[in-house]
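Enquirer: My questions are about this predicted structure, shown below with the sequence.
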Amino acid sequence: MKVPILANPTNSVRARSESSVRWQVQLKNAVRTGQQLVELLGLQDAITPSHQAAADFPVFVTREFLSRIRPGDPNDPLLRQVFPAASETAAVEGFGSDPLQEASFTRCGGLIHKYAGRVLLVTTGACAIHCRYCFRRHFPYSDIPHSIDQWQPALDEIAADESIEEVLLSGGDPLMLADPVLERLIDALQSIPHLRRLRIHSRLPIVLPSRVNDALVGMLTASRLTVWMVVHSNHANELDEAVGQGLGRLIDRGIPVLNQAVLLRGVNDDLDALTDLCRRLIDLRVTPYYLHKLDQVAGAAHFDVSKERGCELIEGLRTRLPGYAVPRFVIEQPDQPSKTTIV
Ligand SMILES: *Cc1c(COP(=O)(O)O)cnc(C)c1O
Ligand code: SF4
């Protein structure tokens, strides 16, 4: 039987408890046009969405994320991350469609093996938010598996390589997979004896905190694999009460949570914004892991911040916060055996 990756909520609602699929219902209510964003935030006179930008990469914003954007403020740091701006359509030298040359590291359907001991599995192209700076915005998602059977070649590759001890579920966003699909994937992975850890890279705990429900936490803690969660938040305003509770549910049950952020012009490229982000994270027991230099993806050049400025900000953080609150400022270079720390 083929299992659709995104189980249709109206079908699965009957079989599963209300709370375990609430997130899927909420997802259906997401905002999907720039015009809607403008109207809901009272910005008709202030900004105009670009049709071309939205055609290149559609708008998608959960109501939960929307509720954290300040109405009437065209420069809101959360709005900037999701608003389709005309600046995206400018062609800029050095910004291409596969900045990390992932195509050359892809072993088979969705499996990317670049670093020792760990592989990245692109599980789905779907996300609960479309970040305008996303480095996978041009990723050929139609090439990746769309049912559990199609992951078999990737699973076989992992099983055949005993040097692999950790699998990263990435995307898109792996928590967009419905629980039954995720469960089957985790089952298949944990039956590979040499695997020790499962890492889940997801923005859903931030943009749709109801995804972190008891069913999910139960599934993750039931695995024989050690599970780590890496979330993605760029600004303290993203981390409201509901997000804090969801992250707390993971951490209380023994799942460590790390955060990665992207350094983005007009979002978090000032010392106060970054300090607030890191302080809020450690208050929630989340470790700031990486601060990424923007990958040079076409359409995102207006978010770029220089390495020098990034280093200055990290130095600033060091003078203000405990050592464990300061993320590593990194850049991904296609030909390196790990992410490169910028100093
Ligand atoms: C970033 C990345 C990883 C994980 O790297 P860590 O430094 O372990 O967080 C693994 N595989 C790929 C392809 C990556 O891009
Ligand atoms: S959630 Fe991650 S993968 Fe999805 S659009 Fe945002 S940055 Fe890209």
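Expert: Arrived safely, thanks for sending. Ligands and ions are numbered 1, 2, ... in the order given.
Enquirer: Let me see the ranges of the strands in the stretch 151-300 of the chain.
Expert: Under the criterion DSSP state E, counting those that start in this stretch, the stretch 151-300 of the chain contains strands at 166-170, 197-202, 226-232, 257-262, 287-292.
Enquirer: Let me know the secondary structure of Val21.
Expert: helix (DSSP: H, G, I helix; E, B strand; the rest coil).
Enquirer: how far away is it from Val217?
Expert: 15 Å (CB to CB, to the nearest Å). Just so you know, the C-beta spots here come from the backbone N, C-alpha and C atoms, and that holds for glycine as well.
Enquirer: Who has more neighbours out of those two?
Expert: Neighbours per residue (other CB atoms under 10 Å) separate Val21 from Val217, with Val21 holding more: 24 against 18.
Enquirer: For the strands of the stretch 151-300 of the chain, give me JSON lines that also has mean pLDDT, mean neighbour count and distance to Glu64.
Expert: As requested, the strands of the stretch 151-300 of the chain are arranged in JSON lines below (pLDDT from 0 to 100; neighbours: other CB atoms under 10 Å; distance: least, CB to CB, whole Å):
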{"stretch": "strand 166-170", "mean pLDDT": "97", "mean neighbour count": "21", "distance to Glu64": "22"}
{"stretch": "strand 197-202", "mean pLDDT": "98", "mean neighbour count": "22", "distance to Glu64": "14"}
{"stretch": "strand 226-232", "mean pLDDT": "98", "mean neighbour count": "21", "distance to Glu64": "14"}
{"stretch": "strand 257-262", "mean pLDDT": "98", "mean neighbour count": "22", "distance to Glu64": "18"}
{"stretch": "strand 287-292", "mean pLDDT": "98", "mean neighbour count": "21", "distance to Glu64": "22"}
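Enquirer: Among the ones you listed, which comes closest to ligand 2?
Expert: For ligand 2, the closest of the strands of the stretch 151-300 of the chain is strand 226-232, at 5.8 Å, according to CB to the nearest ligand atom.
Enquirer: Need the pLDDT of the residue in the chain sticking out farthest from the centre.
Expert: Computed with CA atoms, centre = their mean, the residue of the chain farthest from its C-alpha average is Asp45, at 31.6 Å. Note for Asp45: predicted pLDDT of 95.
Enquirer: The one 10 residues further on now?
Expert: At Ala55, the model reports a pLDDT of 93.
Enquirer: how many neighbours does it have?
Expert: Using other CB under 10 Å, Ala55 has 10 other residues around it.
Enquirer: Using the three-state scheme, assign it.
Expert: Classified using three-state DSSP, Ala55 is helix.
Enquirer: separation between it and Val82?
Expert: Ala55 is 16 Å from Val82, by CB to CB.
Enquirer: check contacts around the residue nearest the centre of the chain.
Expert: The residue lying closest to the centre of the chain (CA atoms, centre = their mean) is Arg203, at 3.8 Å. Going by CB atoms under 8 Å, 6 or more residues apart in numbering, Arg203 touches Cys127, Ala128, Ile129, Cys131, Asp173, Val231, His232, Ser233.
Enquirer: and what of Ile255?
Expert: Taking CB under 8 Å, 6+ apart, one finds Val217, Leu220, Thr221, Val227, Trp228, Met229 in contact with Ile255.
Enquirer: pretty sure the fourth one contacts Arg197?
Expert: Yes. Counting by CB atoms under 8 Å, Val227 touches Arg197, with 7.4 Å between them.
Enquirer: Need the overlap of contacts for the two.
Expert: By CB under 8 Å, 6+ apart, no residue touches both Val227 and Arg197.
Enquirer: So which bits of the stretch 51-200 of the chain are right by ligand 1?
Expert: Ile112, Lys114, Tyr115, Arg118, Leu120, Leu168 (CB under 6 Å from any ligand atom).
Enquirer: May I see the residues you listed organised as a markdown table, with secondary structure and distance to ligand 2 added?
Expert: What follows is these, written out as a markdown table (DSSP: H, G, I helix; E, B strand; the rest coil; distance: CB to the nearest ligand atom, whole Å):
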| residue | secondary structure | distance to ligand 2 |
| --- | --- | --- |
| Ile112 | strand | 14 |
| Lys114 | strand | 17 |
| Tyr115 | strand | 19 |
| Arg118 | strand | 18 |
| Leu120 | strand | 12 |
| Leu168 | strand | 13 |
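Enquirer: Now restrict those to buried residues only.
Expert: Buried members of these, counted by 16 or more other CB atoms under 10 Å: Ile112, Lys114, Leu120, Leu168.
Enquirer: Switch these over to TSV; also include distance to Ala178.
Expert: TSV is the format used below for those (distance: CB to CB, whole Å):
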residue	distance to Ala178
Ile112	23
Lys114	29
Leu120	21
Leu168	20
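Enquirer: Could you find which two of these are furthest from each other?
Expert: Greatest spatial distance among these (CB to CB): Lys114 and Leu168, at 10.6 Å.
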